[in-house]
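Chemist: Build me a model:
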Amino acid sequence: MSIATDEVPYTIIHRGEGVLVVRVHSQTRQGRKLPDTSFTFKPGDPQYESWQRIYNENHPDDPVLAASSEKEE
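Modeler: Predicted structure coming up:
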C-alpha cells in the first residue's frame with residue numbers, strides 16, 4: 001500500500017513485518033529532475049512511529065500495527 005498526492009511530495013509503502021519505505025519525490029529545478037530518494041524505517045527506528053502514524057491515518061482499513069518488542073516463545 002502507498003499514498004501519494006500532488007500535495008504530498010512522498011509515498012509511503014508498507015513492506016512485510018512492519019517495514020515502511022518512504023520515497024521522497026524530487027522536484028524539477030532548472031529543467032532537471034534528480035532521482036527520488038528512499039528511506040527505510042523498521043520498528044524501533046527513531047522516526048518510525050511518526051511515519052507509521054501518517055501511514056495509518058491514510059490507511060484506516062489496513063493499518064501498520066505496532067510491532068511487539070518481545071519475542072514469542
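Chemist: quick one: residue 55 is in a helix?
Modeler: Yes. Counting by DSSP: H, G, I helix; E, B strand; the rest coil, residue 55 falls inside a helix.
Chemist: Any stretches of this protein with poor pLDDT?
Modeler: 1-8, 67-73 (pLDDT under 70).
Chemist: show me where this protein has strands.
Modeler: Counting by DSSP state E, the chain has strands at residues 10-14, 20-24, 28-29, 32-33, 37-41.
Chemist: any idea which of those strands is most buried?
Modeler: Among the strands of the chain, strand 10-14 has the highest mean neighbour count (mean count of other C-beta atoms under 10 Å), at a mean of 18. Where you see a C-beta, it was placed from the backbone N, CA and C, and this is true even at glycine.
Chemist: Next, the angle strand 20-24 makes with it.
Modeler: Taking axes from the mean of the first three to the mean of the last three C-alpha atoms, to 10 degrees, one finds strand 10-14 and strand 20-24 inclined to each other by 160 degrees.
Chemist: Tell me the neighbouring strands of strand 10-14, and mark each as parallel or antiparallel.
Modeler: Counting by DSSP bridges, the strands paired with strand 10-14 are strand 20-24 (antiparallel).
Chemist: what about the strand it pairs with, distance to the chain center?
Modeler: 4 Å (C-alpha atoms, centre = their mean, to the nearest Å).
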